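Q: Kindly return the folded structure for what I paste below:
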Amino acid sequence: MLLEPLVHVLGISLLAGAFRAHSDSAIEYPVFLFVALAPFFIFRNIALKLMESIEANRALFAYKQIKPLDTLISRTAVEVLLGSLIYLVIAIGFSWFGFDMSMNDSLSWLLAVLIGLMFSFALGVIFSIITDPLPGSKIFFRLAFIPLYFLSGVIFPLNRFPPEVMSYLLWNPYLHVIDSIRGAIFEHHVPIYGASLAYPGWATLVTLCLALGLYRARRLKLVAIQ
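A: Below you'll find the model as predicted:
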């Protein structure tokens with residue numbers, strides 16, 4: 001968990017330097033990359049780990065007081081705690097080497113992260129319910145996060161794309177969350193036109209309602225010990 005974000009930051013920063021690709025002359029690229037990459041990895045891990053949570057803890061459902069939702073919430077808490085610890089360790093390391101890790105608006109940052117966490121939790125619940133009867137679909141959900149990694153603006157700013165392309169990219173809630181996280185950290189960040197927390201907020205609410213509805217409909221099937 002510690003090496004994955006470090007390897008990504010180091011490797012992509014070296015490539016960006018070799019090709020002279022940088023986000024903004026006022027923002028150091030390793031910091032620009034890390035502040036988005038670390039939260040995105042937490043979001044990704046929550047959604048994909050929850051997908052495995054039901055099967056991994058199925059034996060516990062023999063105890064009537066333990067419900068599938070308990071394992072999903074517990075797994076989310078574990079991923080958030082581990083991811084936060086890794087974020088803190090790497091941020092301290094960046095500060096040690098002279099990078100500016102100060103935050104412009106901590107409340108906006110916290111709101112953006114919370115929306116991203118809730119959206120990922122809702123996705124994870126849906127994934128776990130779908131993959132329970134269809135285990136082969138797990139590979140599809142894992143692969144889906146590869147293009148999301150690039151199309152959420154983690155590696156490079158997406159405001160360089162023409163408006164015709166951005167109109168489609170803005171359907172991705174993670175794009176709005178990542179851009180809001182950068183806007184809360186960097187004072188001189190140029191926001192993506194059309195990006196805000198309103199859209200991912202509503203998307204999270206709708207997705208969460210759908211996830212809980214599916215969970216209620218399938219909860220008895222989920223506790224069946226196979």
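
Q: can you map out the helices along this structure?
A: Ranges of helices within the chain are 3-18, 29-56, 68-96, 106-131, 138-151, 163-169, 173-185, 198-222, based on DSSP state H.

Q: Please compute how far the third one lies from its chain's middle.
A: Average the C-alpha atoms of helix 68-96, do the same for its chain, and the two points are 12 Å apart (CA atoms, centre = their mean, to the nearest Å).

Q: Just the angle for it relative to helix 106-131, thanks.
A: 140 degrees (axes from the mean of the first three to the mean of the last three CA atoms, to 10 degrees).

Q: One more: the second one?
A: Direction vectors for helix 29-56 and helix 106-131, defined by the same axes, to 10 degrees, enclose an angle of 40 degrees.

Q: by contact count, what packs against helix 29-56?
A: Packed against helix 29-56 by the contact rule (3 or more CB pairs under 8 Å, 6 or more residues apart in numbering; DSSP states H and E) you find helix 3-18, helix 68-96, helix 106-131, helix 138-151, helix 173-185. (Each C-beta comes from the backbone N, C-alpha and C, glycine too.)

Q: which one of those is the most hemmed in?
A: Counting by mean count of other CB atoms under 10 Å, helix 173-185 has the highest mean neighbour count of the helices and strands packed on helix 29-56, with a mean of 25.

Q: same for that one, what does it pack against?
A: helix 29-56, helix 106-131, helix 198-222.

Q: go with 10 Å
A: With contacts taken as 3 or more CB pairs under 10 Å, 6 or more residues apart in numbering; DSSP states H and E, helix 173-185 sits against helix 29-56, helix 106-131, helix 138-151, helix 198-222.

Q: Format the CA atom coordinates belonging to the shortest one as PDB.
A: Meaning helix 138-151. What follows is helix 138-151, C-alpha atoms only, in PDB (Å, rounded to 0.1, in the frame of the first residue of the first chain):
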ATOM      1  CA  LYS A 138     -15.400  -9.000 -11.200                       C
ATOM      2  CA  ILE A 139     -12.700  -8.700 -13.900                       C
ATOM      3  CA  PHE A 140     -14.900  -6.200 -15.700                       C
ATOM      4  CA  PHE A 141     -15.200  -3.900 -12.700                       C
ATOM      5  CA  ARG A 142     -11.500  -4.100 -12.000                       C
ATOM      6  CA  LEU A 143     -10.600  -3.200 -15.600                       C
ATOM      7  CA  ALA A 144     -13.100  -0.300 -15.500                       C
ATOM      8  CA  PHE A 145     -11.000   1.500 -13.000                       C
ATOM      9  CA  ILE A 146      -8.000   1.600 -15.400                       C
ATOM     10  CA  PRO A 147      -9.600   4.100 -17.800                       C
ATOM     11  CA  LEU A 148     -11.100   6.000 -14.800                       C
ATOM     12  CA  TYR A 149      -7.600   6.400 -13.600                       C
ATOM     13  CA  PHE A 150      -6.800   8.500 -16.700                       C
ATOM     14  CA  LEU A 151     -10.200  10.100 -17.300                       C
END
